[in-house]
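Trainee: Build me a model from this:
(one chain, ligands or ions: 1)
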Amino acid sequence: MAHTVTLIPGDGIGPEVTQAMCRVVEATGVQIEWEVHEAGEPAIARYGTPLPEHVLESIRRNKVGLKGPITTPIGKGFRSVNVGLRQALNLYANLRPCKTIPGVPSRYENVDLVVVRENTEGMYVGIEHEVIPNEAAEAVRIITRRASERIVRFAFDYARAHGRKLVTAVHKGNILKITDGLFLRCAQEVAAQYPDIAYNERIVDNLCMQLVQRPHEYDVLVLTNLFGDIVSDLCCGLVGGLGVAPGANIGDGVAVFEPVHGSAPKYAGQNKVNPTAMIRSAAMMLEYIGEVEAARRIEAAVEKVIAAGEKVTYDLKPSRDDPTAVGTQEMAEAIIAAL
Ligand code: NAD
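Mentor: As a prediction, this is how the structure comes out:
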């Protein structure tokens, strides 16, 4: 039976990594009917809004979506479509597994971390304004018991289901005493309900240093929205960069999968960037819809191509100007051949 999945190719490098991903998924033989929709800048031109209601409706109906990156203007312009989508569909858990793939150039070996980021509140509620024009500005950070308990519970449930041993709550409660004080109290209360899984806490700046020095001491990290955004990119850096890092935004009965990376506009249209993050996001999506075997085959094929180190994009070569690097579509073809 065919699965219907909402597909948002995104912009910048989005369409090319999406094309590569679709070819790989098709090669697994799993029948997917893609419902393709625009969001971001092109949607404004056509529908007058970067996140049209019919896109949200499509994801609600299909219960699963896959998206490429979408550019967000800096310091002006429309609100992030990515944040808007997560909030509108209540995709409260952002899941970013960061595991070393043998063959990916990195300073570290055998890193295996999972970042669980709260996706609906914190600094990303979008409430900010100028107090005195051009002189003083203010942003609001919202932390609730409901969202904090929910995300920590998600982290512990994930840990339990995936044989993980430790959950670390990451915070800045020494400075943000009230907001992160609440987040930490919720984390401690939820942790007490999971005696089979170890729990500890780290202040976010110290955690960043420790991740760089001793990443193997950590397992599942649970963080509020902004800290999760930053620390997940750091963790991607530990396992070889944004080109290989998949992600998922998960709510109750609905999920949207997407690479951690953004639209990398300077590489758009060049058939240059790594399609792996998008392809692995599709593998996470396939697992979510029950196509576990196809997901495993994709992961194995990706690992095989990367380990061989030949038909890989520039970011996976020992030197970034290596002339033997292949393009986005050629790497996808190598993955298809390895399937
Ligand atoms: P970015 O992830 O787009 O790119 C940063 C750098 O990472 C690139 O210059 C490139 O060197 C590398 N990189 C990213 N993807 C890669 C790939 N597939 N293969 C190889 N190298 C890759 O981050 P940015 O430059 O900070 O953001 C650009 C735009 O993307 C912004 O508008 C931002 O808002 C948006 N963004 C969107 C999402 C999303 O859609 N979820 C996430 C992050 C950023």
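Trainee: which one is the residue in the stretch 101-250 of the chain that the ligand sits nearest to nearest to, not counting chain neighbours?
Mentor: Evaluated by Cβ to the nearest ligand atom, the stretch 101-250 of the chain has residue 243 as its residue closest to the ligand, separated by 3.2 Å. Quick note: C-beta positions are derived from backbone N, CA and C, even for glycine. With Cβ to Cβ, 6 or more residues apart in numbering as the criterion, residue 243 has its nearest non-adjacent residue at 3.1 Å, and that residue is residue 274.
Trainee: ranges for the strands of the stretch 151-300 of the chain?
Mentor: For the stretch 151-300 of the chain, strands defined by DSSP state E, counting those that start in this stretch occupy the ranges 166-171, 198-203, 220-223, 248-250, 255-257.
Trainee: what's near enough to touch the nearest residue to residue 104 once chain neighbours are set aside?
Mentor: Taking Cβ to Cβ, 6+ apart as the measure, residue 104 lies nearest to residue 240, with 3.4 Å between them; neighbours along the chain are not counted. When contacts are counted by Cβ atoms under 8 Å, 6 or more residues apart in numbering, residue 240 is found next to 100, 101, 104, 105, 106, 315, 316.
Trainee: Around the ligand, pick out the residues from this protein.
Mentor: Proximity of the chain to the ligand is assessed by Cβ under 6 Å from any ligand atom, with 13, 17, 69-72, 82, 242-243, 258, 261-264, 266, 273-274, 277, 315 identified as the residues in range.
Trainee: on that earlier part again, just put the strands of the stretch 151-300 of the chain in CSV and tack on mean neighbour count.
Mentor: Supplementary listing: the strands of the stretch 151-300 of the chain in CSV, determined by neighbours: other Cβ atoms under 10 Å:
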stretch, mean neighbour count
strand 166-171, 23
strand 198-203, 16
strand 220-223, 27
strand 248-250, 22
strand 255-257, 24
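Trainee: I'd like these written out as JSON lines, with mean pLDDT added.
Mentor: As requested, the strands of the stretch 151-300 of the chain are arranged in JSON lines below (pLDDT from 0 to 100):
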{"stretch": "strand 166-171", "mean pLDDT": "98"}
{"stretch": "strand 198-203", "mean pLDDT": "98"}
{"stretch": "strand 220-223", "mean pLDDT": "98"}
{"stretch": "strand 248-250", "mean pLDDT": "97"}
{"stretch": "strand 255-257", "mean pLDDT": "98"}
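Trainee: Can I get those strands in JSON lines including distance to residue 295?
Mentor: Written out in JSON lines, the entries for the strands of the stretch 151-300 of the chain read as follows (distance: least, Cβ to Cβ, whole Å):
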{"stretch": "strand 166-171", "distance to residue 295": "24"}
{"stretch": "strand 198-203", "distance to residue 295": "28"}
{"stretch": "strand 220-223", "distance to residue 295": "20"}
{"stretch": "strand 248-250", "distance to residue 295": "12"}
{"stretch": "strand 255-257", "distance to residue 295": "11"}
